[in-house]
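S.K.: Predicted coordinates and the sequence they were generated for:
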Amino acid sequence: MYESPTDLTGHAPPSRATGAPLTLRPRLVTDMLDETVSRFGQRPAIDFLGAVTTFRELSVLADRAAAGLQAIGVQPGDRVALCLPNLPAYPILYLGALRAGAVVVNLNPLYVERELEALLRDSGARVVATCDIPDIHARVVQVAQRLELEKIVTCPVADALPALKRIAYRLFRRASIARPLTGPRHMRLADLLAGGARAWPATITPDDPAVLQYTGGTTGVPKAAVLSHANLVANADALVQHIGNDRPGQDRIVGVLPLFHVFALTTVLNAALRTGAEMVLLPRFELKALLATLRRKPPTYLPAVPTIYGAIAAAARTQRIDLSGLRACISGGAPLPAETREAFARTAGGHVIEGYGLSEASPVIACNPIDGSGRPGAAGVAYPGTTIEIRDPENPTRIMPLGQLGEVCASGPQVMRGYWNRPDETRDVFVDGMLRTGDIGYLDDTGQLFIVDRIKDVILCGGYNVYPRMIEEAALEHDAVAEAIAIGVPDDYRGEAPKLFVTLRAGASATPDELCEFLRKLLSKIELPREIEIRTELPKTLIGKLSKKELVAEERAKRDSDLKAKSNINLTTMEEV
């Protein structure tokens, strides 16, 4: 354990670290686009499988999208939901909605109907945009029609492709294209953009909401962090200051992370708007396609999750992957295992640094220096303009002495205004103006942050948030299930994976395979438990509440035992040699 330094009085100083000064220049997200267009208008903004859109073209399309949204009645403050993979339609509609003064609601296309319904209902979205991939399209349309949303905008994948690929896609991938729907509620993206009229300026300020980013917060129940234009711009400005911007208009970012996730929203899309970097978008993570993209368009900047870095490192053992042009690789979304960082550096020649953040902070609050000078295992130093404090979880008004464990709290211009329509939960998550992250960690004497454990129950699965409560509620819908607890367990590929523990009702029977098949209808692939264990009883607190900590400890002990066994085997082998 790290020992606290002491001052001359023999007392440890308070656990507080402040990032480098950040010159605040509050402005709209779309102002970043306008500034970049004035400097680098003819540079590529988006490359989607070879189809290139310049920044000037992106600005024109965003303006048409804004005009189209205004024409169908969208007004400042209205919510426009985007349920899209990484298609050019996402940045077009994101910027178009913001130009119209609307608030973007980010939705995961992998969510099942009841999850989509809960978030669309909670946000009060009037419009939803989705793609024409049949499974995604059907789910969104079903929910949107049930909720009587005013407009459903379909964005055909083929429209975003280069000409020859577009023809081939429509010819050979007919089964992958949803049937166009007609009626007053339905329109295609091309129709939204076809008006040609210029959007009228929306009366909004940098402090107005820009994005509703759903998160589990500290309870695991999804709620929307309200991120303002100023929040998002400040985090983009801090990113540029942290990694340096000595090559404006020359960088290239591979966007394999989903833009509906706040990590990618900031480190890919908003970073590109801020610096004039080219976004090379991939609709989803598929290793073969990613490797081909890295060869076709060598990146200078690769934000990703540990799963992706691990996959690249593994592939580099059998094929040449040239990443010599990389200036920065920032890992987020899940803890970065040391072995993944080392393997990536050894086999792929890239240096990965770890950052730390959460949706409520747009999202980054700490990041390691890009020169690799951070301490092993550290989550980084406080981001520019950010203050980090370690507070007593039981008495959050008390700042812990330096080096001692406590709850990580943060303040800065990137921190949200609060949760959408949840004043009580907003009040609970702030103390003395500091955001309570729900994570346990400590600061060392150099100001570096170390995350030790999590208070919150959210499972970080390959960079996605998986909410245990969603899995538990789905399991309880099975007639045979009496109780359910879902936890995250270590997973070599995804970082963490869900594991479900259940008890059965008296006289009822079910097998893990039967329960898994049942859950396939209610949960997305990411949420499906890797393992289901049926028990005669589940641990409970003294007041009879189901308790997860005993199960987490059991799984950790199993993992440690397995690692020790593997280590002993290796030692035995070495002794024999």
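M.R.: Yes, it's here. Bear in mind that the values here come from a model prediction, so they are computed numbers and not experimental data.
S.K.: Just the buried residues of the one helix or strand L435 maps to, please?
M.R.: Counting by DSSP states H and E, the element that carries L435 is strand 434-443. Using 16 or more other C-beta atoms under 10 Å as the burial criterion, the residues of strand 434-443 that qualify are M434, L435, R436, T437, G438, D439, I440, G441, Y442, L443. For the C-beta atoms, the positions are set from N, CA and C on the backbone; glycine is no exception.
S.K.: out of these, who's nearest R114?
M.R.: G438 (25.1 Å; C-beta to C-beta).
S.K.: shouldn't the closest one be in contact with E407?
M.R.: Yes: in terms of C-beta atoms under 8 Å, G438 counts as a neighbour of E407; the distance is 7.1 Å.
S.K.: which residues do these two both contact?
M.R.: Applying C-beta atoms under 8 Å, 6 or more residues apart in numbering, one finds that G438 and E407 are jointly contacted by I455.
S.K.: Tell me how far P258 lies from T215.
M.R.: As judged by C-beta to C-beta, to the nearest Å, P258 and T215 stand 15 Å apart.
S.K.: Kindly report the same for E113.
M.R.: The spacing between E113 and T215, counted by C-beta to C-beta, is 21 Å.
S.K.: for K297, same thing?
M.R.: Using C-beta to C-beta, K297 is found at 32 Å from T215.
S.K.: which one of those two has more residues nearby?
M.R.: Here K297 and T215 are compared on neighbour count by other C-beta atoms under 10 Å; more neighbours surround T215, at 22 against 15.
S.K.: show me the contacts for the nearest residue to that one once chain neighbours are set aside.
M.R.: Excluding its sequence neighbours, the residue lying closest to T215 (C-beta to C-beta, 6 or more residues apart in numbering) is S359, at 3.7 Å. The neighbourhood of S359, defined by C-beta under 8 Å, 6+ apart, consists of Q213, Y214, T215, A225, V262, M416.
S.K.: Throw together a PyMOL command that grabs the buried residues out of those residues.
M.R.: This is how PyMOL selects the buried members of those, with burial counted by 16+ other C-beta under 10 Å:
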select buried, resi 213+214+215+225+262+416
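S.K.: Save the contacts of S359 as TSV, and put in pLDDT and distance to T536 too.
M.R.: Shown next, in TSV, are the contacts of S359 (pLDDT from 0 to 100; distance: C-beta to C-beta, whole Å):
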residue	pLDDT	distance to T536
Q213	97	41
Y214	95	36
T215	89	35
A225	98	40
V262	95	41
M416	98	43
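S.K.: State the pair within the contacts of S359 that is farthest apart.
M.R.: So, the contacts of S359 by C-beta to C-beta: farthest apart are Y214 and M416, at 12.1 Å.
S.K.: what sits in contact with each of those two?
M.R.: Common neighbours of Y214 and M416 (C-beta under 8 Å, 6+ apart) are A225, S359.
S.K.: Pretty sure R427 sits in a helix.
M.R.: Yes: counting by DSSP: H, G, I helix; E, B strand; the rest coil, R427 is located in a helix.
S.K.: so how many other residues sit close to it?
M.R.: Using other C-beta under 10 Å, R427 has 11 neighbouring residues.
S.K.: The stretch 351-500 of the chain: strands as residue ranges?
M.R.: In the stretch 351-500 of the chain, the segments counted as strands under DSSP state E, counting those that start in this stretch are 352-357, 364-367, 380-382, 387-391, 406-411, 418-419, 430-431, 434-443, 448-454, 459-461, 464-466, 481-491, 495-504.
S.K.: Check the stretch 1-150 of the chain too.
M.R.: 16-18, 44-48, 51-54, 79-83, 103-106, 127-131.
S.K.: I'd like a version of those strands in a markdown table, one that adds distance to T511, mean neighbour count and mean pLDDT as further columns.
M.R.: Shown next, in a markdown table, are the strands of the stretch 1-150 of the chain (distance: least, C-beta to C-beta, whole Å; neighbours: other C-beta atoms under 10 Å; pLDDT from 0 to 100):
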| stretch | distance to T511 | mean neighbour count | mean pLDDT |
| --- | --- | --- | --- |
| strand 16-18 | 51 | 18 | 97 |
| strand 44-48 | 44 | 23 | 98 |
| strand 51-54 | 48 | 17 | 98 |
| strand 79-83 | 34 | 26 | 98 |
| strand 103-106 | 37 | 26 | 98 |
| strand 127-131 | 36 | 26 | 98 |
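S.K.: Out of the ones you listed, which is closest to I370?
M.R.: Among those, the nearest to I370 by C-beta to C-beta is strand 16-18 (18.1 Å).
S.K.: who touches the nearest residue to F55 once chain neighbours are set aside in this structure?
M.R.: The shortest distance from F55 to any non-neighbouring residue, by C-beta to C-beta, 6+ apart, is to A45 (4.3 Å). Contact analysis of A45 by C-beta under 8 Å, 6+ apart lists T53, T54, F55, E57, L58, P91, A272, E278, M279.
S.K.: can we see that at 6 Å?
M.R.: For A45, the contact set (C-beta atoms under 6 Å, 6 or more residues apart in numbering) comprises T53, T54, F55, L58.
S.K.: and what of H478?
M.R.: By C-beta under 6 Å, 6+ apart, the contact set of H478 is F518.
S.K.: if I look at E472, how far off is L522?
M.R.: Applying C-beta to C-beta, the value for E472 to L522 is 11 Å.
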